[in-house]
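Peer 1: Coordinates only, no sequence provided:
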């Protein structure tokens, strides 16, 4: 973050908003065209459907349903596996597992299907899993760049392969790799989607892209508004169902990669049993004044030791204080108990001075609901980078790490 934006007071917030509402500044701050890549989401859905229609996927049928589907991938590719699992739902006749460790679980064998996903087709961990799957006699399929190492592995194993045309950074190509997974799962009877739903999802992606277009000012642009909500805070992103949990993980990942912001993700009800404790910590502005009374100190309490001052209560917010902000992604299909829990969490956060941004998911089909909120948060992550004076496309730390371990 640039020095001029450090601290994020009122003047700095105005500066961030001005950045987002000045077209020349937005264009200059996004040399890698990340906003254009986000806007390509609808085209990715339609292109991927054509690629699937042209690929030979006849080996995957409901009559030859596997015991489990294992999706091998890293980053956005692994999220595509989580997306498939959430859309298939708990009623799925086939378990969906995501493998990220660069190796197959020991129980995977010839009765299972392995789908290796890598946008570049050269991710080492994914190539290792694909090779191992072929050796174990699993039903294998590949999704990635044509002519890549992954493509060659699939050819050697006589496995179907769906080519992906890289059109930017892999993190912006989620729908290019997710749609083939959904099509394959649908052919096996694991998911129910259909051409009309894919088109509805593409239309929703286009609708959000129009709302979040760079020329649209922040007061009517939901992507810019959400980004400004997160300026200078520590985001905690929670979903309220398995489906919105995928959106929460996607948003946290995009905040980290695009805006270079640390982010915490969770899903209710699990988050209410652990992460909610952060509302009583140093990132919650009023937590020390409103927390429930704890038992009295024992003889070995740290507060009694010389040199220890654990009372961080202040009447005014300290300079440079980083506040926690909760982003709730509410799914219309969430459980009723979770709805009540979400209301209680909202009240609790407000009492402790924790800011809240609530995003709704609407649409009859899970894919449509997920498409809309993911597109919105993808835009927000790029706009937050621009508001912070950061190039959303640069990946210096990732590249530095790769050079150290290769």
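Peer 2: That came through fine. Note that this is a predicted model, so its numbers are computed, not measured. Numbers count the residues shown, from 1 in each chain.
Peer 1: pretty sure residue 232 is in contact with residue 321, am I right?
Peer 2: No - applying C-beta atoms under 8 Å as the test, residue 232 and residue 321 come out as separate, 9.4 Å apart. Every residue, glycine included, has its C-beta placed from N, CA and C.
Peer 1: With neighbour numbers in mind, choose between these two.
Peer 2: Neighbour tally, residue 232 and residue 321, criterion other C-beta atoms under 10 Å: the higher count belongs to residue 232, 21 against 15.
Peer 1: ok, now how distant is the residue nearest to residue 211 when sequence neighbours are not counted from residue 216?
Peer 2: The shortest distance from residue 211 to any residue other than its chain neighbours is 5.8 Å, reached at residue 222 (C-beta to C-beta, 6 or more residues apart in numbering). Separation of residue 222 from residue 216 (C-beta to C-beta, to the nearest Å): 9 Å.
Peer 1: cool, residue 116 as well?
Peer 2: For residue 116 relative to residue 216 (C-beta to C-beta), the value is 39 Å.
Peer 1: neighbour count winner among these two?
Peer 2: Neighbours per residue, other C-beta under 10 Å: of residue 116 and residue 216, the larger number sits with residue 116, 32 against 16.
Peer 1: so what's the more buried one up against?
Peer 2: Going by C-beta atoms under 8 Å, 6 or more residues apart in numbering, residue 116 touches 72-73, 126-127, 129-130, 133, 140-144, 150, 153-154.
Peer 1: Scan these and report the most crowded one.
Peer 2: Neighbour counts for these, by other C-beta under 10 Å, peak at residue 143, which reaches 35 neighbours.
Peer 1: Quick check on residue 357: phi, psi?
Peer 2: phi -120, psi 120 (degrees, to the nearest 10).
Peer 1: What are the neighbouring residues in contact with residue 276?
Peer 2: Contacts of residue 276 by C-beta under 8 Å, 6+ apart are 345, 348.
Peer 1: hang on, it in a helix?
Peer 2: Yes - according to DSSP: H, G, I helix; E, B strand; the rest coil, residue 276 belongs to a helix.
Peer 1: Report the separation between it and residue 341.
Peer 2: From residue 276 over to residue 341 (counting by C-beta to C-beta), the distance is 10 Å.
Peer 1: Mind checking what helix or strand follows the longest helix belonging to the chain in sequence?
Peer 2: Counting residues, the longest helix in the chain under DSSP state H turns out to be helix 366-387. Later in the chain than helix 366-387, the nearest helix or strand by DSSP states H and E is helix 396-405.
Peer 1: Other residues contacting that following helix?
Peer 2: residue 257.
Peer 1: Quick one: low-confidence residue ranges for the stretch 201-350 of the chain.
Peer 2: Residue ranges of the stretch 201-350 of the chain with pLDDT under 70: 287-320.
Peer 1: Would you map the helices across the stretch 151-300 of the chain?
Peer 2: 174-187, 195-211, 222-229, 242-257, 287-290 (DSSP state H, counting those that start in this stretch).
Peer 1: Dump those to JSON lines, plus mean neighbour count.
Peer 2: Compiled in JSON lines, the helices of the stretch 151-300 of the chain are given as follows (neighbours: other C-beta atoms under 10 Å):
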{"stretch": "helix 174-187", "mean neighbour count": "26"}
{"stretch": "helix 195-211", "mean neighbour count": "18"}
{"stretch": "helix 222-229", "mean neighbour count": "22"}
{"stretch": "helix 242-257", "mean neighbour count": "24"}
{"stretch": "helix 287-290", "mean neighbour count": "15"}
